[in-house]
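# fold the following.
(chains A and B)
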Amino acid sequence: MNYRPLGASTGNFGFKNKPKRNLAATVMLTSLVDTFSVLVIYLLVNFSTTGELLYMSEGMELPAAAQSVELERNVVVKVEEDKLFIEEKEIPMAGLVQKLIDVKKNWEEYYPDTEFTGAMTIQADRRQTYSLLSHVIQAGGHAGYSDINFAVIKK
Amino acid sequence: MFKSKLQKKPLNTEVDLVAFISLLSVCICFLLLTTIWIQIGSMDVKQAIGGQAQEGKPKPEMWVVMETDGKLTFKLRHIPAKIAKSFGSSEIASIEGKPDYDQLSQFLVKLTGEFDQLEMALIRPAEKTPFEDIIQLMDVFREKGIKDLGVTPL
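A predicted model of the protein is given here:
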């Protein structure tokens, strides 16, 4: 009798005539490249830089509007609860007019690439009452900012 | 001799897709991380009081008073007498403490249908009026073709 040690394989497990299967599968790269290309184009088209103009605080929700225009670079006054911020620096309520005048005077220092147009952007939560917004609008009027842009989310 | 040389040169070349896929993967990761999905816009308005003095004939304008409970009151100025008679002073009641935007929309369609020269509206919100309501009101006005909007400080 022909004895074989336990565990030692003959290599084909007794199926001598069956051809060996090729285990290396080829991946269809063309469709993968197509998908990636479409993704890159879609993301590039949706790439927007306007969001950089505003720093959104946690919990702040802007109101939504369909008839809005593109946001332009100008002074941003952020209204958060009962606090006011200009370019992320807290401003006392009473000193808002003076600060806005300072920004107007030193415009080139604050915004080197843009011209002063007399516009300012008000960024406020959608639940904010008008009393504080009115104070900001009035302060803007006194400081020479006649155009008011309310920051909104495009519907 | 030429014939044999041409026959040997392979014309099919393979593009190395691995590098291309790597480049695209990096691009996708970068764009996914940096793309801002929320589109931020702005609603432009003028200060209704303290603006520049008007020259010549005054333009037709509409004053909108927003009450705290959401009621809207309209007053038209510098308009023909016939229009003033029909729309001169109107009110729209609120719904659950909010302005009735559907009624407002219908009112504006009717008004602009009869008098298309109205381009200016000045809004006077109440002290407690939410910012959202003011913006939504402006949105309805702009949608109906009244583009020059202003707000009055308290």
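
# helices along chain A, start to end?
A:29-46, A:96-105, A:107-110, A:130-143 (DSSP state H).

# in chain B, which helix is the longest?
helix B:17-34.

# that helix: which residues count as buried?
By 16 or more other CB atoms under 10 Å in any protein chain shown, the buried positions in helix B:17-34 come out as B:24, B:27, B:28, B:31. Heads up, the C-betas are built off the backbone N, CA and C, glycines and all.

# now do it against helix A:29-46, angle only.
Angle, helix B:17-34 to helix A:29-46, by axes from the mean of the first three to the mean of the last three CA atoms, to 10 degrees: 30 degrees.

# tell me if helix B:17-34 is near chain A.
Yes. Helix B:17-34 is in contact with chain A by CB under 8 Å from any CB of the partner chain, via B:17, B:20, B:21, B:24, B:25, B:27, B:28, B:31, B:32, B:34.

# least trustworthy helix or strand in chain B by mean pLDDT?
helix B:2-8 (a mean of 58; mean pLDDT, DSSP states H and E).

# please disregard the earlier target; I meant chain A.
Going by mean pLDDT, DSSP H and E, chain A bottoms out at helix A:107-110, a mean of 77.

# list the contacts of residue 115.
Since you didn't name a chain, this refers to chain A. Neighbouring residues of residue A:115 by CB atoms under 8 Å, 6 or more residues apart in numbering or on different chains: residue A:107.

# ah, no, chain B please
Contacts of residue B:115 by CB under 8 Å, 6+ apart are B:60, B:79, B:80, B:83, B:87.

# pLDDT weak spots in chain B?
Within chain B, the segments meeting pLDDT under 70 span B:1-8, B:48-56.

# how near is the residue most central in space within it to residue B:94?
In chain B, the residue lying closest to the centroid (CA atoms, centre = their mean) is residue B:139, at 5.3 Å. Look at residue B:139 and residue B:94: by CB to CB, to the nearest Å, they are 17 Å apart.

# sorry, back to before: in the least confident helix or strand of chain A, what counts as buried?
A:107, A:110.

# repeat for stretch B:139-150
Quick answer for stretch B:139-150 (16+ other CB under 10 Å): B:139, B:140, B:141, B:142, B:144, B:146, B:148, B:149, B:150.

# show me where chain B has strands.
B:40-47, B:61-66, B:72-77, B:89-92, B:94-95, B:98-99, B:120-124, B:148-151 (DSSP state E).

# what would those strands look like in CSV with distance to residue A:24?
Listed next are the strands of chain B as CSV, based on distance: least, CB to CB, whole Å:
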stretch, distance to residue A:24
strand B:40-47, 51
strand B:61-66, 72
strand B:72-77, 73
strand B:89-92, 74
strand B:94-95, 68
strand B:98-99, 66
strand B:120-124, 71
strand B:148-151, 68
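
# give the contact list for residue A:93.
Counting by CB under 8 Å, 6+ apart, residue A:93 has contacts A:84, A:135.

# any idea of the pLDDT on it?
On pLDDT, residue A:93 comes in at 86.

# that one and residue B:123: what is the separation?
Using CB to CB, residue A:93 is found at 24 Å from residue B:123.

# tell me how far residue B:91 lies from residue B:126.
15 Å.

# give me the more crowded residue out of these two.
Legend: neighbour count by other CB atoms under 10 Å in any protein chain shown for residue B:91 and residue B:126, higher for residue B:126 (17 against 12).

# ok, and the closest non-adjacent residue to that one?
residue B:68 (4.4 Å; CB to CB, 6 or more residues apart in numbering or on different chains).

# re the thing from before, just the helices of chain A: most buried one?
Of the helices of chain A, the one with the most neighbours on average (mean count of other CB atoms under 10 Å in any protein chain shown) is helix A:130-143, at a mean of 20.

# what packs against that one?
strand A:75-80, helix A:96-105, strand A:119-124, strand B:40-47, helix B:131-143 (3 or more CB pairs under 8 Å, 6 or more residues apart in numbering or on different chains; DSSP states H and E).

# need the residues that contact that helix.
A:77, A:79, A:82, A:84, A:93, A:96-97, A:100-101, A:104, A:120, A:122, A:124, A:146, A:148, B:47, B:49-50, B:125-131, B:134, B:151, B:153-154.

# select only the buried ones of these in ChimeraX?
Remark: buried members of these, expressed as a ChimeraX selection using 16+ other CB under 10 Å:
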select /A:77,79,84,96,97,100,104,120,122,124,146,148 /B:47,125,126,129,130,131,134,151,153
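
# sounds good, over and out.
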